[in-house]
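J.: structure for this input, please:
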Amino acid sequence: MSYMERKKGTKPFNLAVDVGCGSGQGTNLLAPYFAKVVGTDVSPAQLEMAVTNKNPPNVSYRECPAEDLPFSSGEVDLVTAMTAAHWFDREKFLLEADRVLRPGGCLALLSYTMDFGVEYGDVPNKTLKDICDEFYAALLPFRNPYIGTSSVKIYSDMLDSCSYPDKEWNECLRVKRILPLSGYFGLVETFSSYQKLLQKDPAEAERLSNDIRKKLMSAMKVSSADTEVTVVTKYFYWLARKPV
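T.: Coordinates of the predicted model:
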């Protein structure tokens, strides 16, 4: 929003579109800054979850592909996609975002690396990192080849493909939040790679999670997975402004 205020300047902002919104967690964060926020997704199941959330009155949802947005040309102040753009047809999406954006409107694409960090008390971060890295290494063979080993390059390439001269890349924004250790596993188990392993071999997926959980609890010297830890997410994102 600070980027928009610097670059676009004209407030209030009218319309933000969150593409690939999923259950709407990111969509709702935009509500205080825009007259209207619309989350879009191709998944009816995800949108059903989004609608059942407690949404601000200016937030609504539409089912549509990222490459065919139901908005008039030049209608939108902000097009954003949070941990979703790597699934889009990138060339078609950039063209569609350009179509719906107002002159001076902004495009913001955000995602995070899969190597979440865990911090706890005075336990050396490297000790916990090495255990977590075992988890990620075991899941790597199940990662979708479309994404590859890291989605950072996808986003970097998309930025290079964006024709707007006014754009910026942010490599790593660390965000820390307090969660029970079980919450960390809940996050990792939402990864598509874990879900693919779970589908292929449920017993192996469970064994892997339990093994990493035991190793972390042993290193932390705790007996409960309800123990609170600091989970570190490393976001990367790029921002661009459509020429006036």
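J.: can you name the residues that contact the one residue sitting closest to the centre of the chain?
T.: Central residue of the chain (C-alpha atoms, centre = their mean): residue 83, 2.6 Å from the mean position. Listed by C-beta atoms under 8 Å, 6 or more residues apart in numbering, the contact partners of residue 83 are 20, 110, 111, 112. C-beta: built from backbone N, CA, C; applies to glycine.
J.: just give the closest residue to the second one, not the sequence neighbours.
T.: The reference is to residue 110. Nearest non-adjacent residue to residue 110, counting by C-beta to C-beta, 6 or more residues apart in numbering: residue 237, 3.9 Å away.
J.: partners of the helix or strand that neighbour falls within, with directions?
T.: Using DSSP states H and E, residue 237 sits in strand 228-241. Applying DSSP bridges to the sheet, strand 228-241 is found paired with strand 101-112 (antiparallel), strand 117-119 (antiparallel), strand 166-180 (antiparallel).
J.: and the closest residue to residue 204 other than its chain neighbours, how far is that from residue 129?
T.: Spatial nearest neighbour of residue 204, excluding adjacent residues (C-beta to C-beta, 6+ apart): residue 197 at 6.5 Å. Separation of residue 197 from residue 129 (C-beta to C-beta, to the nearest Å): 21 Å.
J.: ditto for residue 228
T.: 18 Å.
J.: so the two - more neighbours on which side?
T.: residue 129 (15 against 12; other C-beta atoms under 10 Å).
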